[in-house]
Every structure is written in C-alpha cells, then in structure tokens.
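> Next input, structure requested:
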Amino acid sequence: MSLVERFLAAVVSPDPGDLADCYAAQVVIEMPFAVPGLMPSRLETSREELRARFRAGTAVRRYTEVLNPRIHECADGTTVVLEYDVRGLMLATEEPFVLRFVMVMTLADGLIAHTRDYTDPIAGARALGRLPDLLAAVR
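Numbers count the residues shown, from 1 in each chain. Purely as a prediction, here's the structure:
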C-alpha cells in the first residue's frame with residue numbers, strides 16, 4: 001500500500017495515531033485559504049503534536065468515509081496532489097457532513113514532510129459548529 005493509500009485509510013481510522021504516523025517527525029502544513037484568527041495559514045509542527053490535534057478532533061467529530069479519491073503523482077517523484085471528500089458525523093448532534101479537500105503533499109523518506117491543504121473554510125466551520133467564530137474572525 002502506498003503512503004497516499006495509507007493516508008486515505010488513516011483518515012477514517014478509529015485510531016487518530018494512524019494518520020499522524022503518515023507524517024515526518026517534523027512537518028510544515030500550509031493552509032492558503034485559512035481564515036486569520038481562526039486557523040493559522042502555516043504550521044510548523046511535529047508528528048506528536050499532530051497526533052494530539054488529531055486525537056482532540058475525534059472528541060467532536062468522526063470521519064466515516066473517504067469519497068472520490070483522486071491521486072495525481074507529479075513528475076518530480078516527491079510531490080503528490082490528492083483530491084478527496086470526507087463524510088463525517090458530529091458526535092454531539094449526530095449531524096452528518098461532507099468536506100472536500102485538495103492536498104499538495106511533498107514526500108520525503110516515505111512520509112509526508114510538507115502539505116498545502118486547500119479546503120473550503122466556510123464548509124469546515126459550518127460542519128464543526130464554528131461558523132460564528134469564522135464570521136467574527138473576518139469582521
């Protein structure tokens with residue numbers, strides 16, 4: 001199984017550590033569409049910090065299915081563009097949601113070393129119950 005296939009399986013794994021294990025010990029995550037004040041546009045972090053973030057996320061929502069994955073491997077051999085949707089459920093309300101992602105991954109030594117994550121911040125904030133936070137951040 002390729003790293004990208006492992007990543008997609010880990011997105012819906014009951015153990016959020018599986019997802020963290022796809023990342024390098026130190027990683028850079030850029031989110032060009034992040035809303036200032038709600039999410040950072042660039043995060044330099046460790047695999048263990050990601051593991052904690054992913055575990056915290058499972059307290060409020062659960063991803064249940066990866067839909068429509070498309071993997072585009074670039075000619076340089078280290079860059080992959082990944083498109084996918086995630087179906088999930090908010091645990092407190094049992095409200096279902098679907099989020100769309102495009103990730104540009106840079107791989108090193110078989111792990112994700114850098115990503116640029118493109119997603120709809122409004123859809124994400126709505127799904128996670130943070131739309132009021134998003135609206136306050138853009139005022």
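> What segments of the chain are helices?
Secondary structure of the chain by DSSP state H: the helices cover 3-11, 17-20, 47-57, 121-127, 131-137.
> any chance of those helices in TSV, with distance to Phe101 too?
Any C-beta I mention is one placed from the backbone N, CA and C, and that applies to glycine too. As requested, those are arranged in TSV below (distance: least, CB to CB, whole Å):
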stretch	distance to Phe101
helix 3-11	9
helix 17-20	13
helix 47-57	14
helix 121-127	10
helix 131-137	18
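> Which one of the ones you listed lies nearest to Leu91?
helix 47-57 (10.5 Å; CB to CB).
> Can you give the contact residues for that closest one?
Under the criterion CB atoms under 8 Å, 6 or more residues apart in numbering, residues Pro16, Gly17, Leu19, Ala20, Asp21, Tyr23, Ala24, Ala25, Gln26, Val27 lie in contact with helix 47-57.
> Kindly report the same for stretch 108-124.
3, 7, 22-24, 26-35, 38-39, 78, 97, 99-107, 130-131, 134.
> Go again with 7 Å.
The list of residues contacting stretch 108-124 from outside it, by CB atoms under 7 Å, 6 or more residues apart in numbering, reads 3, 22-24, 27-35, 78, 99-107, 134.
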